[in-house]
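Visitor: take a look and give me a structure for this.
(one chain, ligands or ions: 2)
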Amino acid sequence: MIAQRFSTALRSAVAQRGFSTSSASLTKVAVLGAAGGIGQPLSLLLKQNPKVSDLALYDIRGAPGVAADISHINTASSTTGYLADNDGLAKALKGSEIVVIPAGVPRKPGMSRDDLFNTNASIVRDLAKACAEHCPKAHLLIISNPVNSTVPICAEVFKAAGVYDPKRLFGVTTLDVVRSSKFLSTLKGSDPAKTRVTVVGGHSGVTIVPILSQTAEGESIVQANDQQYLDLVKRIQFGGDEVVKAKDGAGSATLSMAFAGAVFTNSLLRAIGGEKGVVEPTFVDSPLYKDQGVEYFASNVELGPNGVEKIHPVGKLSAAEEDLLKACLADLAKNIKKGKEFVGAA
Ligand SMILES: NC(=O)c1ccc[n+]([C@@H]2O[C@H](COP(=O)([O-])OP(=O)(O)OC[C@H]3O[C@@H](n4cnc5c(N)ncnc54)[C@H](O)[C@@H]3O)[C@@H](O)[C@H]2O)c1
Ligand SMILES: O=C(O)C[C@H](O)C(=O)O
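Guide: Ligands and ions are numbered 1, 2, ... in the order given. Below you'll find the model as predicted:
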């Protein structure tokens with residue numbers, strides 16, 4: 001009865017905001033690391049998403065305050081904050097269909113993402129264990145770095161628990177897509193909303209491979225293969241370092257990441273709600289380069305109600321992009337192996 005009343009209230013709020021209610025699914029979303037630099041703005045953006053029915057905000061510190069604050073926003077979803085005591089993590093996860101994980105430490109200048117491994121690997125492993133126990137069918141969206149290793153860690157934890165579904169595990173690489181779109185459209189004077197760049201590979205340095213040749217605005221830059229192209233690729237691959245440097249010890253990208261995380265979560269919510277043709281680049285368990293020892297790879301993925309619907313191949317590449325891909329695969333294989341070794345799976 002209460003659930004029915006809530007559902008009616010949510011649909012009416014959705015309608016008032018001008019969104020179509022027909023495809024609006026009612027979905028509980030948990031954010032783990034919700035009081036952090038990414039967690040707070042991401043939670044704020046998710047609170048504005050009419051497809052979210054319940055927002056469960058978990059952190060080892062500060063989550064109840066963030067939840068109290070966000071809960072006053074007059075959208076229909078409910079918001080609850082949880083700490084580790086009183087079984088907070090289990091309560092946050094129970095019934096969640098999507099779990100977004102930005103928990104962990106960010107970089108400081110001079111650090112690589114791999115330097116975060118020692119701290120973040122165990123944080124992500126333990127959170128994945130809790131997910132495997134309390135919401136084994138949830139879609140897991142991993143933001144915590146190094147993504148190239150934390151995604152394999154989650155997969156191995158789920159395999160050990162006997163609940164692994166490769167279709168429901170995603171490394172969030174959307175920030176690379178967002179940056180590519182912004183940097184390319186700035187150079188070309190095009191509309192960033194219409195300048196869509198596919199980024200494949202992984203999420204760190206040379207493992208980030210923008211396929212500019214497949215975008216109308218990028219084609220001529222790739223053909224010229226001059227300093228402008230080299231600079232653009234470098235800026236996309238090392239955009240994270242640009243922010244780390246500018247923040248000067250206060251962390252890494254948080255606001256643009258929250259935006260990117262909200263974009264990817266919304267795409268998945270649309271697909272879960274039955275919308276067809278929703279495609280996002282994301283780092284998943286992928287057949288594309290398994291024969292070269294690379295089990296996880298980001299490429300365009302069509303999303304569906306059960307997560308990964310179809311993994312698209314990278315398509316035609318320029319000679320320069322072929323070289324970028326080669327360098328990517330070598331690094332990626334090492335990052336993946338490191339993650340698997342951490343959980344005793346390699
Ligand atoms: N995938 C990407 O594109 C991308 C982009 C930016 C940042 N990141 C990564 O996201 C992570 C978080 O960055 P941030 O700037 O939000 O850091 P932050 O330090 O501001 O926030 C991290 C939060 O995680 C919490 N936390 C730590 N251990 C936890 C645990 N066991 N359970 C629950 N919460 C826990 C902390 O209390 C903190 O609130 C970093 O690893 C960063 O490198 C990834
Ligand atoms: O650069 C970082 O460490 C954070 C994130 O991965 C990014 O790309 O901004």
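Visitor: tell me the SS of the closest residue to ligand 1 within the stretch 1-150 of the chain?
Guide: Using Cβ to the nearest ligand atom, the single residue of the stretch 1-150 of the chain nearest to ligand 1 is Gly36, 2.0 Å away. (Glycine included, C-beta is placed from N, CA and C.) Per DSSP: H, G, I helix; E, B strand; the rest coil, the secondary structure class of Gly36 is coil.
Visitor: got the domain ranges for the protein?
Guide: Segmentation of the chain into domains, based on the TED database, reads 27-173, 174-345.
Visitor: for those domains, give me a markdown table that also has distance to ligand 2, mean neighbour count and mean pLDDT.
Guide: Converted to a markdown table, the domains of the chain look like this (distance: least, Cβ to the nearest ligand atom, whole Å; neighbours: other Cβ atoms under 10 Å; pLDDT from 0 to 100):
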| stretch | distance to ligand 2 | mean neighbour count | mean pLDDT |
| --- | --- | --- | --- |
| domain 27-173 | 4 | 21 | 98 |
| domain 174-345 | 2 | 19 | 97 |
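Visitor: returning to what we had before: list the contacts for the residue of the stretch 1-150 of the chain closest to ligand 1?
Guide: Contacts of Gly36 were listed using Cβ atoms under 8 Å, 6 or more residues apart in numbering, and they are Asp59, Pro102, Ala103, Thr254.
Visitor: measure the second one to Pro210 for me?
Guide: Applying Cβ to Cβ, to the nearest Å, one obtains 23 Å for the distance of Pro102 from Pro210.
Visitor: same for the one helix or strand Pro281 maps to, what does it pack against?
Guide: Pro281 belongs to strand 278-285 when assigned by DSSP states H and E. Other helices and strands packing on strand 278-285, by 3 or more Cβ pairs under 8 Å, 6 or more residues apart in numbering; DSSP states H and E, are helix 147-160, strand 169-171, helix 174-188, strand 198-201, helix 255-272, strand 296-304.
Visitor: closest to Leu230 out of those?
Guide: Shortest distance between Leu230 and the helices and strands packed on strand 278-285, using Cβ to Cβ, is found for helix 174-188: 12.9 Å.
Visitor: that closest one: how far from the chain's middle?
Guide: 17 Å (Cα atoms, centre = their mean, to the nearest Å).
Visitor: contacts for that helix, please.
Guide: With Cβ under 8 Å, 6+ apart as the test, helix 174-188 has contacts from 190-192, 195-199, 203, 208, 210, 212, 215, 217-218, 221, 228, 232, 235-236, 239-240, 253, 256-257, 259-261, 263-264, 280-282.
Visitor: is the nearest residue to Glu242 once chain neighbours are set aside in a helix, a strand, or coil?
Guide: The shortest distance from Glu242 to any non-neighbouring residue, by Cβ to Cβ, 6 or more residues apart in numbering, is to Arg235 (7.3 Å). Using three-state DSSP as the criterion, the local structure at Arg235 reads helix.
Visitor: what's Arg235 in contact with, if anything?
Guide: Applying Cβ under 8 Å, 6+ apart to Arg235 gives the contacts Arg179, Phe183, Glu242.
Visitor: how close does it get to ligand 1?
Guide: Per Cβ to the nearest ligand atom, to the nearest Å, Arg235 is found 15 Å from ligand 1.
Visitor: do a quick rundown of the strands in this protein.
Guide: For the chain, applying DSSP state E gives strands covering 27-32, 52-58, 78-82, 98-101, 139-142, 169-171, 198-201, 208-211, 278-285, 296-304, 307-311.
Visitor: tabulate the ones you listed in CSV, adding columns for distance to Lys91.
Guide: Putting the strands of the chain into CSV (distance: least, Cβ to Cβ, whole Å) gives the following:
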stretch, distance to Lys91
strand 27-32, 10
strand 52-58, 8
strand 78-82, 6
strand 98-101, 13
strand 139-142, 18
strand 169-171, 23
strand 198-201, 36
strand 208-211, 36
strand 278-285, 28
strand 296-304, 28
strand 307-311, 24
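Visitor: these two touch, right, Ser149 and Ala333?
Guide: No. The criterion here is Cβ atoms under 8 Å, and Ser149 misses it with Ala333 at 11.5 Å.
Visitor: other SSEs contacting the longest helix anywhere in the chain?
Guide: Longest helix in the chain, counting residues (DSSP state H): helix 319-342. Other elements packing on helix 319-342 under the criterion 3+ Cβ pairs under 8 Å, 6+ apart are helix 117-134, helix 147-160, strand 198-201, strand 208-211, strand 296-304.
Visitor: what sits against the residue nearest to the spatial centre of the chain?
Guide: Residue closest to the average C-alpha location in the chain (Cα atoms, centre = their mean): Val172, at 2.1 Å. Going by Cβ under 8 Å, 6+ apart, Val172 touches Val100, Leu141, Ile142, Ile143, Val147, His203, Ala260, Gly261, Phe264, Thr282, Phe283.
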